[in-house]
Structure formats: C-alpha cells, structure tokens
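# mind folding the following:
(chains A, B, C, D and E, ligands or ions: 5)
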Amino acid sequence: MELLTIADVLQLLLVGLSQGCLYSLIAIGLVLVYKATEQVNFAQGEFMMMGAFVGYQFIVLMGLPYWLGVGLTLIVMGAFGYGIDALVVRRLTGQPVFTVFILTLALGIALRAVAGMIWGFGNYTLPAPIPGNLKIGPVVMAWSSILAILLTALISVGLYAFFRFSRHGAAMLALSQNQLAAFYMGIPVKRLTSVIWAMSAVFGACAGLLLAPITLVSTSMGFIGFKAFAGAIVGGFGSIPGAVAGCLLIGVTEPFFDIAFPTMKGIGAYLVMFAVLLIRPQGLLAQIHAKKV
Amino acid sequence: MRVLFRKSYLQDIRLFRDGVQAAWYGGFLALALSAPLWLDGYFLDELALVYIYAIAGLGLMILTGFSGQVSFGQAAFVAIGAYAHTILMGRYGLPFVLSLPATALVAGLAGAAVGRVCSRMHGLYLAIATLSVAIVTERLLGGGGAFTGGHRGLPVPEMTILGLAMDDSWKTYLVNLTLFTGAILLTRNLLRTRSGRALIAVRDSEVSARALGVNVAFFKTWAFFLSAAFAGVAGAMLAHAFYYVTPEVFGMNESIRLLLMVVVGGLGTIHGAVFGAFFIVLLPTVLSLIKVWLPAAIAQSGGFDSLIFGLILLVFILFEPDGLYGRWQKVHHFFSVFPMYKKRGFQRQKTFLKTERLR
Amino acid sequence: MSALVVDTVSLSFGGLKAVDGLSFSVEKGEIFTIIGPNGAGKSTVFNLICRIYTPSHGDIRLDGRSLLDAKPHQVVQRGIARTFQNIELFEHASLLDNLLIGRFRHGRFAPLSELLFLPSQRRQELAHRRRAEEVVEFLDLEAHRHARVADLPYGVRKKVELARALVSEPKVLLLDEPSSGLTAEETDDTAFAIQDIRDNLGITVVMIEHDMKLVGKVSDRVLAINEGRFLATGTVGEVQADPSVQAAYLGAAA
Amino acid sequence: MSDVLTLSNVETMYGRVMAIRGVSLKVTEGSIVTIMGSNGAGKTTILKTISGALDPFKGRIAFERAEIAGLDPDVVARRGIAHSPEGREVFPLLSVRDNLMMGAYTRRDRDEVARDMEKVLGWFPVLRDFLEKSAIYLSGGQQQMVALGRAFMQRPRLMLLDEPSLGLSPRLIQEIFAIICRMNGDEGVTMLLVEQNANVALPVSDFGYVLETGRIVMEGPRDVLLASDDIREFYLGIKGEAARGDRRWKVKKTWR
Amino acid sequence: QTQGVSDDKIVLGTFTDLSGPLAVWGVPEQKGMRMRVEEINADGGINGRMLELVVEDTQYQVPRAMQAANKLLRRDKVFAMVGSLGTPENLAVMPQLMEANVPSLFPMTAAVEMVEPLSPLKYAFFRSYPEQFRAATAYFHDNGGFKTPCVAQIANEAGESMAAGVHEQLEVYGMKVAATTEHSATETDMVSSVTTLKNAGCDIVFLAGSVKDTILIVLTSRKLGFDPIFVTGMVPYMDAVAGAGEGAMDGLYLVSPFVYVDVASAEGKSKEIVEAYEAKYSEKMAPQAQLGYIFIDMVKTALEKVGPEVTVEKFTAALEGMTDYVDPIGGQHVSFGPEDHQGVETLILARVEGGKWTVAARGLDY
Ligand SMILES: Nc1ncnc2c1ncn2[C@@H]1O[C@H](COP(=O)(O)OP(=O)(O)OP(=O)(O)O)[C@@H](O)[C@H]1O
Ligand SMILES: Nc1ncnc2c1ncn2[C@@H]1O[C@H](COP(=O)(O)OP(=O)(O)OP(=O)(O)O)[C@@H](O)[C@H]1O
Ligand SMILES: CC(C)C[C@H](N)C(=O)O
Ligand SMILES: [Mg+2]
Ligand SMILES: [Mg+2]
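Ligands and ions are numbered 1, 2, ... in the order given. You can find the predicted model right below:
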C-alpha cells in the first residue's frame, strides 16, 4: 500500500474536521438537553433525520427557495421539539433519567417509522446550502462543510455565553441539578425544559440539513447519532466544549483509522472512545463529581 | 386482602413467601411443563423463544436492574455464547451437555473482562461503552475469517442431549424450559445471598457499599460475569433455534431490544425479565395476527409494524414507568382489596430528580 | 492502649486546609465526641479515617496498626463502621436488606454455594438474619422492618444508618451527628442506645455532635476543633468552659 | 390581622399510605408558627403539600385567600411562598453565589437583590469565603446556611422552614433564630417553621401545633404550649419532677 | 391434504423488509406481489382456488425473520415461501423450510445457498452474487482490461459473497485484488474508503455493496476527482441510485440477472402492467415491484400446470418442467430443470446515462 501524501493527510484532516463538526452539531443538541435537564435524548439522531426530511419536504417536494425552506424547517422543528417535550417527555418529570433514556429510544423507533411512512424508506437528495467545493491545490472541501464548521463554532460560543451569563441559562443548570429546589425558586421548570428540547431539535435540524447533501436523506441517517454520542462521551457528557472537542477528536481520527484498517471502517470512533474512557472514565472534561459525605 | 404473618426468619429467606405463592408457581410450572400436550408446534417454538430471551433478560436484569450498570452490549455476549457453542460443538465435537457450561464460562469471562475494564465507568458512559463493545464485536465476528465463518456465519450442529436427538418442537421446548427455570432459580438464589445484596449496595450507594466492605469493582465485574454467562447460554440456545449463526443476528438492534425488554418488563425484579420477554417476543406475533383486521392501506404500508412497536413501548413507558410487572402489581392490588379499591389510592405522587452527576 | 490514634494529620482541598496537623487518640471503650463549628473539618476527619481521603501528612492507627495501607472497602474489615452526616442508605432496598448488607463483612465470596443456595448458605443467612433482628429490636425499628428505606422519615433513616453500622459488629463506631433531626425524646433514646452500645457491646464510639445536651450526657471526653486545628480537649465541662470554644462554637448562651 | 395561610382538612397520600390525615391550620400575617412532632409525624409532608411538591388527596389550602392546592411548586413560589426544604437541597454544582442568585430568579430589582445578597452574607460571613466554590463541597452546616439564604433571597411573604437548625452548631442555631426573628420583625415575613429543636423554636414563635401520625393533637399560643407538661417533657426535653428524670424509663435493651 | 392448500384457496407466504435498511427493496416488491395476486384472484383464481399472500415485516433482522417464518409455516400454514428478502434471513430460515417440506421459491437474494446444495424444494430466480461479479470481472477484463482491480465491500454476508466472485474470476487471470475496503451499512461518510482506493491506484472498483453505500462511494469519488470504473451487482438497481447527485452517477455499471423496464421504454403487455401498477399505487413501478409481480406470475404458471390436485411434489415437478417461461415485463427467459433450479440464465450490463439506467450489454458470462 502506498503511503499517504501530504495532500491526502490534509484532505483527511479537513474531512475529519468537517465530519467532526457535524457530529458536534448533533452532540450539542444532546448535551444541551442533558446539561439543562439531565435527560438523555437517544432520539437526537432521529430529530436530525426529521429535520432533514422536513427540509426535503419544503425545498425539494414543495420547491420553495432554499433559505426560505431552511427557515421554515427550523421553525417547524423548533415546534416539534417543544411539542415532543410538552406532550411526551414532560409526563415523565421526576422519573429516573434512565426512564427518559428508554423513552427516547422508543421515540426514535417510532419516528423512523413515521418518517418512512410519510416520505418512504429510500435515499433522497437534498441540495447543499452553498453548492460546489472549495479547491485549494489538491485539497477539496465542500462549501457546506465550511458552513458546518462555522455554524458549530458559532453555536458553541453562543451556548457558552448563554449558560454563563444569562439568568435562564443558570436556571437551566439549576433545574438539572435539583428539580425540586428549582421549582421552589419559582423557576418555570416545565416551560424551560420544553424550550431546551426545542433548541436541541433546531440544532438537530441544522445538522440534518448540512448532513443531507453528504449522506442523503433517509430514515436510517439518524444512526450517525451514535457517533455523536461517542464524541460527547469522550468530551465528558454534559460539557459543550467537551462535546465539540470529543467529536472533533473522533471525526479527525476516524478517517486515519479507516485508512489503516480499511476492512474495519466504522469502528474507529468507538475504539477511540473506549480508549479515552479507559484512561478517563468520565471523559476529557469530567462532568461527574465526587460526592461529599 | 391476604395478610402475611411471619412466624420465622426462614420465611424471608426461602424461595417462596408462603404456601399460596408456592402453589401459584407450582401451578405455572405444571402449566408450562404440560404445554406440549395442548399447544401446537408454532406456539411451542414461540414460547421457547420467550424462555431464551427471558434467560438473557435475567442476565441483563442482574446487571442493570440489580447492580445498576446499564448495558447496551448484551447482544455481544449473546453472540459470543452462540459462536462459542457452535464452534465448541461443531468444530471440537463437544457434546451439548459439556458445551453449554463451557459456553457460559467463555461468555462469562468475556463479560468479566469488559466489566473489569469498565468498572470505573458509570451510567451513560458505561451504556455507550458497552454499546461500542457490541458494535465492535459484531464487526470482529464478521471479519473473523474461517474461525467464525465470516459474515456468512456458521451452521449450528443438531442438538443431541446424551444421545437423544432434540428434533421436535416439544423437545427443544422442554430443554429451554429447564434452562429457564434453572436461570430463575439461580437469580433468586443470588438475590437472597450476600453477593446479590452486594450488587444492590453497589447500585444504590457506592460510598456506603465501600464503607461496609464491598469491593465495588469486584462486584461490578461479578455482575458482568453472571450476566454475560446468562447471555451466553441464551445465545447458545438461540443458535439452536436459528440453525445458523451470523454476526447480523446479534447487532446493536438486538442489544437495544434486550434492554427495552427488561425495562418494559420492570427493572429490578425477576418477574420483570420474564414479563418483558413475553412482551418483546410475542408483540410482533400479536401485531401480525391483528393486522388481518386492519384496513389494507394501513396494515400493508411499510413501517407500520415498527410504528406500532415504537408507540406501544412509548405508551408503556409513559403510563407504566415501573414496567409490566408494576402494572401487574396494581391489578393484583385492585383484586386483593376489590370492593374497597380507591382509584387515587394508588396515586403516583410527584417526584423530583436530583443530579446523578455526583458519585 | 489507645484504640484509634490520629497523629498530626493534615489535608487540604485546593488552598483550604480542612484538617491541619490534628492529633488525638481515643481509648478503648470510650465515648469520644468531636465538636466544632460548621466547616471545622469534623466530617473530613471521619472521611480520613475511612480512607475516603488520604491525608497529605500524618498517620492514622487502629490498635497500633496504620490504616493508611487499607483500601476504603477494607476499613470495615479492620473493625471501623460509620454513619454519614447526610444519610447514605441503600434507598431502594428494604430496611432489613440494608442491615443484611451491613453484615457483609461476616461472610466470604462463595459463588457456587450462593448460586445453589446450599444448606450451609441457608444456615449463614439465618444467622445474619438473627443478628439483624437483634439490632432491629435494640433500636426499636420493628415497625419498619420491611419498608423501603426511601419511604421512611428522616429520623428513622438516621436510626437505620446507626443500625446498619452496628450489625457489622465493629470495634470502633463513627457516628456523624446521630441526633440531627430527632426530637428531644428521640435524642434521649439515642443517648441511651449509644451508652448501651458501649456498655454492653464494648464498642468504642467516636461521634460528631452539635447537641450539647447529648454530648454532655454520654461523652467521656470531648475534642473541640476549629478550622481543622485543635482547640481544646477534656471532659464536657472543661471544654465548655474553654473561652475559645465558647467564642467559636457555643455562642453566648451556652 | 388576617390569615395568610389556611389549611382545611388536608389529606396527603404516598401511594397507598396516608401521611396527613385531615390537618387544618392557620398562619396569621406577620406571625411565626411552629409545627412540632416526632419522627414521621408528617411535618415535612405538610410543608411539601403547601408548596405544591405533593398533591393533597383531599382538602383545601388557601394562600392570601386564593386556592393553591395542587398547583405546581414554581407557581406557588411566584405567589410569594419560599420553602427551605428538609435536607438542604442546594444546587450542588452551582457556586454558592449562583445558588443564592437562584433564589432571586423571579426578581427583577437588581439593586434590591444585590442589597439582599449583602444582607445574607452579613448573616453568614463564612459564605463570603466560599462564594465561588461549588455548593457540594461545603460542610453540612454551610449548606444549611446557603439554603436559608437562598430562601430569603426570594423575598417571600411566607417562608416555610423545614428544620432550619439541622446540623448547625449551637452558636449558629442561636444566630439563625435571631435572624429568623429579624426577618419576621424587620422584613415582615410570615414564618411557618418545622423544628425538632423546640427549645429554641417555640420561644420565638407566636403559635404552635403538635402533630402526631398525621393529625394535629395539640395547638395553642406559645405560652400555653410552653406551660404544658407534655410539651416540656417530649419536645423541650425538660424533665419534671414526676417524669422520668435522668433515669431511663424504657427497659434497658441488651443483646448478645 | 397438502399444507396451505384448501378447496378454495392456496396460501403463500413471504417475509421481507418493510421498514428497515432494505425497505427500498421490500416495499415495492410486496406491492408488485400483491398486485399480481389481486389480478389472479379477480380472474377467478387458479383452478377455482384463490391465492392468499401473507406478508411479514422483518426489518432485515434475523431474529424477526425466524419468528416470521415460524408464524408463516406453523400458523398460516403456507404452501410455499415466495420472494422472501435478505441473505442472512433466508439462510437462517432455510432449514426450517426444508424440515417442513415447504418450497422456497425465488428468494429476494442472490446468495448461492438459495440453490446449493440442490434440493427439490429450493428454486432461485437470480444468478448468484458471485456469478454476477464473476461476469462483471470477465466483461471488463475482456473489454478494455484493467490493472488494479479493487473491492469496496459492505460488511455482511451479501458483500462477502459478491467479493468472492471477483476473487475467483481474478484468479482465473492470475490477478489479485489490489485493495479492499469494508464498510458497515450505516456508514455516512466514505472519504476514507475512497482515499484508500485512490491511493491504491485502482482503475476499477467492484462495489460489493448495497444501495446507499454505493451512491455515497460514487458521489464521494466524483468529489475527490477519483474516476475509476465502478461496477456493482443487482442490489443498487433502482431509480434512486441512477438519479442521485444530479447526473453524478453517470457511468456507473451494474451487472444484473434481470432487466428493469422503464415505463417509457415499455411496450405491449409489459407496458400494460407497468401502467396498471402506476395507476394502482400512483408511483413508478420499481424493478423490485416488477420482480415481485413476476415471482407470483411464475408461481401461478406452475400451479396451472399442476392442475386441480395440488401437492408439493406435483408442484415442484411442474416447476422443474418449466423450461419456457418468459417474464411478462422484461421478456427474460426463465427455465428450470431437474438439475437446474436457477431460473434466469443470462446477465445484463446496465449503465447510468443521464441519470437513468440503460442496458449496455446483454448475455454476460464468464
Ligand atoms: N471534597 C471537598 N472539596 C473541597 N472542600 C471540601 C471538601 N470537603 C470538605 N471541604 C471543606 O472542608 C471544610 C470542612 O468540611 P467538613 O465537612 O469536614 O466540616 P464539618 O466540621 O463536618 O462541618 P458541619 O458540622 O457543618 O458538617 C469545609 O470548609 C468544606 O467546605
Ligand atoms: N415517599 C414516601 N413514600 C411512602 N411513605 C412516605 C414517603 N415519604 C414519607 N412517607 C411517610 O409519611 C409519613 C410522614 O413523613 P414526613 O417525612 O412528613 O415526617 P416528618 O414529620 O417530617 O419526620 P422527620 O421529623 O423525621 O422529618 C412517615 O410515616 C413516612 O413513613
Ligand atoms: C436483493 C437485496 C435486497 C438482498 C440483500 N442485499 C441481501 O442479500 O441480503
Ligand atoms: Mg459534617
Ligand atoms: Mg421531616
């Protein structure tokens, strides 16, 4: 086998970076819900899939202009996320997080089926937000990948500021740590939780719209959520910078792993995660703390 | 309402709470044993499958329900069991009665290895770590070349026990029933002894468990060992039921299904594993039986089955977070106090969560 | 010989010196109380003894043998049992199961015998159960025997913790605020229980307590600390009379 | 003076267990009321039912004449009831400052909030050293201070305090009750206290209730209660001549 | 009395993927089958017996296939299994069928084991995956040739046996696969696989895969400026693949044992069927639907030959005697014989042009 050229390495790094950013976008949705409510949304990948399908509906099936379609998709998905919490997840307020975890697993199954029944089980193409590629010498990068990187950076910084400086951000942290006390403080726990779900569905939709041109729209595209999960875990589940770092780590190492073991493509992410957890069982930026007794 | 008078400590220790309960279980066992007399092959096979899944479920229950370690990788151990058994019997010619315990040991050791490595992980971290074990195992089995038969897998040798060919539904049914009963007994025994309680201690408070002398890492590993051994036995029996083992059989989906099973059944109870197995195994069957009555446009559309499956699970978790067994207890309570039942007498009070980020 | 010796032990969290060169020793069969203002480092001392933390300096000895080479789960083997200030019970298990877990150190890991529930196992279980029952009776917990611990009121849970520590039959019992959350009457009962534990069982008791009435009633010796450092020691009367203790801890009307 | 809070015939259940069996009580404006009772009497349950953390099975709860039974706790909190719960319930991973600021979540008056913060730090000067420290690392008593301070930061009209003295040093207990009196006197906050430490609580209260197994068995103004033998013996721990003295009245337990 | 045959009906069973990764195959297949069944029944059935088709969804999961098969065999008591989808699923179910003496007819997979070892109960429609890939290898070897053949394989049984065909045929030429990559079905990004292939300098890549991965590999290669010959087997034979990426799939080759007849190019009887399908389901008749339609039609033809008294033996004898069946849509010749249980004997080469499949060559072999 030939050695990789510098250009190849660059290319793979860039691909890893943009793939990592896509993982991050999904992971941010996941971590956001966790950070603010300590619920784990196993259906985040399916939220992303729904976002892609809704975009497909507006942009391809209904033929709306791209950015109008995107706007509508984000609105619809925001409402969808809010609704999922208000109608379904909220009923489990106070149940162990594990129960919510399982609930979202079932939700994922149902969402995949619903999407398939509405849009079919095939693979569909959705145009890229900015078509075409950026070519720098031998290295090619899709404009939409660059957009993904920018968006991820923007969202991470925005969320950091939100949790750091806003009253509601702090309230969300509080409610994830002690629901009863949060209620006692007069924090509208239920409404904030739904808002968080809406936000995470919107981020999921962004990821879906950006991912769609790369991997096609299909009911199974949500499986990428597992890798986002792995990334978030590597970073220390619950930390947004951690999630981004973890996803980038996984995104960047993955292609090199695949090249080294071409017949084992796809498991690199999990091995990296496992390796990190062996050394740091709580991930890079640990979110689990020792209890004081 | 039946009131239980305790007259000796043994009452809390022995297998059944009282004679009435013993009679119930005896009745169930008799019913199960006699099933081949009044059920046709189809239902026998389905029931056998229920037993097999229940064995795997009991294993997962020990791990997740009792020791509190969420595993998304149970299918990996089922797979290891299925392959170990097939290879031991097929390639090394071990007889069934030796191969099965050996399989349990192999799978158990694999589980212990994973458990040992993961003993510092908790909750979600552990869940995803074990999920990756399942994903990687599937791929490794597929890439295992001649030893595992690659993606094509391996044909499973006929089941012969001490020279008797198990070539009929009722025979395999009885074998599975026996193993299932055995698994229940072992689990029950575990729970009424010291190491079973250690698992519960680890689940509820590691700090306290340590203060009382429980070696937390060791017992986590032990739970993994037991659960994987159970899974291995289930895998071996699944292999026989499927005639053919391929890596696909034991993918991530199967892991998720197993976890859903114990949750729907009711986490943390032995009954839960059994109820869950009935639910998960028989639901598709029931669905396809009732589909006949539904309008074709709905019933024939792709996705209908998974939609209903997902929705039923959803509704279940929403309205009965304690699982099927929890529901059963309520029904039971209703009948035992029948004329005096107050609807809100079983009201779920509001509960509130505290962070699980503290260990 | 002293049962438990804490020898110039120090520990800091970040820049905060939680325990700072603290020494004391507890005699066998003594009821020894540690008092001190909130945040003085009392619970931290217990955590150090139980090996939850490792001291940055100093040594802790039980019956002359250093405890520092023990892992947290081996401390109870050496004969030290404890309760926690914030209650750390096995919430989803019954009271009895909590006590039976307390018996953990009196048994061996015997997988086959356990899984098959051999007759020897049955005998052991019966013995554990009898032991647990004695403690239940001793602390008047009969009514709650089969209740799920999570459903019990605060005060009862406090007692369950004491019971759980007791069934392990320790040589030294560490109690972190045993009377908090109890009424005066219940505090009295606790006082008698602590005395009985010492008198009848010969267990050495080290406790942290803020209720000076209880302290006065049961303690043989009292140690007052503040900011991780020694303040005063002696009988209750002596310590209470110490002006620095009065200023830091007791307040005006003590 | 009007009644701020009235409970009539409240029953609360846990699953099938009835913890409160028809409790009626009143809290008049500007007063301090104490509920006493032994372990498991249902004191915590009453407070939780008032603040909406539990739904009553039966009965009515009126706060400033509006029905609040069955409302969500956050709604009740915004109506002006602060609850300092049993077991402290601080936000473990937030800093002490954020914990206190959470108390002021519903308030918009920044300057007032800052002034209240100073007031709280003045009452509990130790907290000032730990402002940026996560609450989980505080000692038990320090957490209790955070919980009390946080409830005060809500600027409630009615404060429910569940065992505020739990785990505090004797000196702090005196100080806390002094603070409670001050809040009551200076800020006009009405107080409903649950306290084991009746020795300190009762003398500062205006009125008291005694709860046994979910029922109110005795009630009266402070002076009446302070004079009652039963109260003196069981809740104040003051032994009368005829009572048991320092001798134990229970059979001495032996085992082994 | 034969299982599944009563005075007024014959029950057929199938398990397929209606909501899993291969629902793109299963859903149209099922529709095509149902359409033919309904037509037959509307015409008064076969010798007075109506056909009944019981469909089970497996989601492409073996355990569910096992349960489905168990139900079809024992509860519905089907006379035969027709067009059941999936290699691992069929492999797992086959022993049960044999034991129950139920014929396995035209499973929707081209695994070799669907005919081998020869059994009176096993009949396949397709030429197998290895044959498809051997023929593909042979075709490109003979027409233009290649130096560095590579394989991009999906990590499952089907992918493995497709790749095996390439290996076998290359051996004939004394050549070896230069590079192999293996990806799972849920993979979303193929850059690394493509880079591996590109670095190995492949001039032909055999895509031993499924639907989505095929599209992704081709699209990614186009993006990275990697332009070898891409050849695949029958699995991605559908419009969605040809049309993906707005023309980017042009040039992709595919070897298939059946012909996809587009409504535009159809004529005569074939046109009628395709149009009837479109009218009924208001969607284009996918090749998978066409296969489903043909499968049932073949069963009907055989049953008609059997006559009023239907037994498994008579039925299989009729199938073995069916040497002159011509499929009503693609016009392909299908023949069986006592030693030959594989229906279609020819292979065609299709190619994407202008976002559509066109037949580039017929009669491929090796
Ligand atoms: N794990 C920790 N990390 C950081 N600081 C800690 C930790 N544990 C204790 N501290 C600090 O150490 C000091 C002593 O705490 P400790 O819990 O020992 O107090 P205490 O004497 O038990 O007080 P109290 O009577 O209130 O329970 C406190 O200031 C506390 O904030
Ligand atoms: N979650 C629960 N489930 C079932 N029963 C409960 C639950 N919580 C409390 N109880 C029961 O309700 C009764 C009242 O409990 P509560 O906590 O109100 O008592 P309390 O007076 O506050 O006691 P303490 O002084 O110990 O805090 C007790 O008998 C207790 O066993
Ligand atoms: C025709 C395809 C749907 C078959 C599938 N690739 C399999 O062999 O499993
Ligand atoms: Mg303390
Ligand atoms: Mg209370």
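# identify the residues contacting residue 206.
No chain in the question, so chain A it is. Contacts for A:C206 (CB atoms under 8 Å, 6 or more residues apart in numbering or on different chains) come out as A:25, A:51, A:74, A:151, A:155. C-beta: built from backbone N, CA, C; applies to glycine.
# oops, I was thinking of chain C
By CB under 8 Å, 6+ apart, the neighbours of C:V206 are C:4, C:26, C:32-34, C:46, C:172-175.
# can you do 6 Å?
C:26, C:32, C:174 (CB atoms under 6 Å, 6 or more residues apart in numbering or on different chains).
# in chain B, which spans are strands?
Using DSSP state E, the strands found in chain B span residues B:154-155, B:160-161, B:164-165, B:244-245.
# and the ones you listed: which comes nearest ligand 3?
Nearest of the strands of chain B to ligand 3, taken as CB to the nearest ligand atom: strand B:244-245 at 13.6 Å.
# and the closest one, what does it pack against?
Helices and strands touching strand B:244-245, by 3 or more CB pairs under 6 Å, 6 or more residues apart in numbering or on different chains; DSSP states H and E, are helix B:74-90.
# dump the C-alpha coordinates for the helix it packs on into PDB.
Output of helix B:74-90 as PDB, limited to C-alpha atoms (Å, rounded to 0.1, in the frame of the first residue of the first chain):
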ATOM      1  CA  GLN B  74     -25.700  -7.600  26.000                       C
ATOM      2  CA  ALA B  75     -26.100  -8.800  22.400                       C
ATOM      3  CA  ALA B  76     -22.300  -9.100  22.200                       C
ATOM      4  CA  PHE B  77     -22.400 -11.700  24.900                       C
ATOM      5  CA  VAL B  78     -25.300 -13.400  23.300                       C
ATOM      6  CA  ALA B  79     -23.200 -13.500  20.200                       C
ATOM      7  CA  ILE B  80     -20.100 -14.800  21.900                       C
ATOM      8  CA  GLY B  81     -22.300 -17.500  23.500                       C
ATOM      9  CA  ALA B  82     -23.800 -18.500  20.200                       C
ATOM     10  CA  TYR B  83     -20.500 -18.700  18.400                       C
ATOM     11  CA  ALA B  84     -18.700 -20.400  21.300                       C
ATOM     12  CA  HIS B  85     -21.300 -23.000  21.500                       C
ATOM     13  CA  THR B  86     -21.400 -23.600  17.800                       C
ATOM     14  CA  ILE B  87     -17.700 -23.800  17.500                       C
ATOM     15  CA  LEU B  88     -17.300 -26.000  20.500                       C
ATOM     16  CA  MET B  89     -19.900 -28.400  19.300                       C
ATOM     17  CA  GLY B  90     -19.300 -28.200  15.600                       C
END
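# give me the mean pLDDT for that helix.
Across helix B:74-90, pLDDT averages out at 95.
# go on, stretch D:55-75?
Regarding stretch D:55-75, the rounded mean pLDDT is 91.
# centre of the chain to it, how far?
For stretch D:55-75, the gap between its own C-alpha mean and the chain's C-alpha mean amounts to 18 Å (CA atoms, centre = their mean, to the nearest Å).
# secondary structure class for E:G44?
Following DSSP: H, G, I helix; E, B strand; the rest coil, E:G44 is assigned to coil.
# okay, now residue 79: neighbour count?
Since you didn't name a chain, this refers to chain A. As a burial measure, A:A79 scores 13 neighbours (other CB atoms under 10 Å in any protein chain shown).
# oops, I was thinking of chain E
By other CB under 10 Å, 27 other residues sit near E:F79.
# could you find the closest non-adjacent residue to it?
E:G4 (3.0 Å; CB to CB, 6 or more residues apart in numbering or on different chains).
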